[in-house]
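In: below: sequence and its predicted model.
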Amino acid sequence: MEIAEHVDMLRRQGELLADAAERAGLDAAVPPCPPWQVKDLLRHTGYIHRWATRHVTECPDHVLDGPPEEEILRGGAPDPELLGWFRAGHAALVETLTAADPALECATFMPAPSALAFWARRQAHETAIHRADAESAAGTTPEYPAEFAADGIDELITGFGRRRKYQPAVDPGSDGGQLRVVAADTGDAWSVEAREGRLQPRRDPKANAADGAGCTVSGSASGVYLYLWNRLDAGRAEVTVTGDEGVLRGWQASVRVRWS
């Protein structure tokens, strides 16, 4: 996806997040993120939007540290003003990314074609997944465009999955075990292999081949996206899981993404 497409998705997903939060109410529970309430979700995501904006406007040469999560959840705006505060921060991020120089140089924390491409993509998916949290609080489940959802699966597997802190140690006896992920509607596929005690992810161009896979996860890109982000179980995501789930369990237990 292009930068402008990611910014457009960021705009839309943030608007839908705010709408779902308003329907649910500030005190509603957020089932995928216990013990959060919607007010916590808005403060967390609103902080992240402002944190991301600082990288684009201040152009630091290192990723900016943030306060502990407990402090973030005490910040933001008072409850009566919280939705407006969230919407303002989201709009500022969209405006900042839209106006940014494509040659922008600033810190990132995963490889990308450019710093601007990184921040646009990361914030589009950060916001989209937290939109799912808001929808869950409102009793609904989102459906994402297939291309965007596949892009989010790719970011999770080949981006976060290659970061050292998300490469969990696994039982040495698991070496050779392979998790295969297939987005059936886009034809995209990925593999995560247990090798030398760690999980090693990669893109796989052979979407229809499952040779060597000990476990395969397949379904629509939107369903797989939510499933791998631990937002829906396989049944609700309409995802099919076949084979030995050992590598899958290692992945799900370890790749629980934090905000930096």
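Out: Looks like it arrived, so ask away.
In: okay, now residue 80: neighbour count?
Out: If you count neighbours by other C-beta atoms under 10 Å, residue 80 ends up with 8. The way it works is simple: take the backbone N, C-alpha and C, and place the C-beta from them, glycine included.
In: just say helix, strand or coil for it.
Out: Assigned by DSSP: H, G, I helix; E, B strand; the rest coil, the conformation of residue 80 is helix.
In: show the pLDDT at it.
Out: Note on residue 80: pLDDT of 97.
In: what are the ranges of the strands in the stretch 151-260 of the chain?
Out: Using DSSP state E, counting those that start in this stretch, the strands assigned to the stretch 151-260 of the chain run over residues 178-183, 188-195, 198-203, 215-219, 240-243.
In: any idea which of those strands scores lowest on pLDDT?
Out: Mean pLDDT values for those show the minimum at strand 198-203, a mean of 81.
In: which parts of it are buried?
Out: Buried residues in strand 198-203, counted by 16 or more other C-beta atoms under 10 Å: 199, 201.
In: residues contacting residue 179?
Out: Shown in contact with residue 179 (C-beta atoms under 8 Å, 6 or more residues apart in numbering): 191, 192, 193, 199, 213, 214, 215, 216, 217, 247, 248, 251.
In: how about 7 Å then?
Out: Taking C-beta atoms under 7 Å, 6 or more residues apart in numbering, we find residue 179 in contact with 191, 192, 215, 217, 247, 248, 251.
In: gap between the fifth one and residue 158?
Out: In this structure, residue 247 and residue 158 are separated by 16 Å, where distance is defined by C-beta to C-beta, to the nearest Å.
In: doesn't residue 57 lie inside a helix?
Out: Yes - looking at residue 57 with three-state DSSP, it is inside a helix.
In: what helix or strand is the residue nearest to it when sequence neighbours are not counted located in?
Out: Spatial nearest neighbour of residue 57, excluding adjacent residues (C-beta to C-beta, 6 or more residues apart in numbering): residue 96 at 6.1 Å. Using DSSP states H and E, residue 96 maps to helix 82-99.
In: other SSEs contacting the helix or strand just after that helix?
Out: Using DSSP H and E, the next helix or strand after helix 82-99 towards the C-terminus is helix 115-137. Under the contact criterion of 3 or more C-beta pairs under 7 Å, 6 or more residues apart in numbering; DSSP states H and E, helix 115-137 touches helix 3-24, helix 38-58, helix 82-99.
In: by mean pLDDT, flag the weakest helix or strand of the chain.
Out: helix 246-254 (a mean of 75; mean pLDDT, DSSP states H and E).
In: now the angle between strand 188-195 and that one, please.
Out: Helix 246-254 and strand 188-195 are oriented at 90 degrees to each other (axes from the mean of the first three to the mean of the last three C-alpha atoms, to 10 degrees).
In: what's the per-residue pLDDT of the residue nearest to residue 141 when sequence neighbours are not counted here?
Out: Counting by C-beta to C-beta, 6+ apart, residue 135 is the residue found nearest to residue 141 once chain neighbours are left out, at 6.1 Å. Reported pLDDT at residue 135 in the predicted model: 98.
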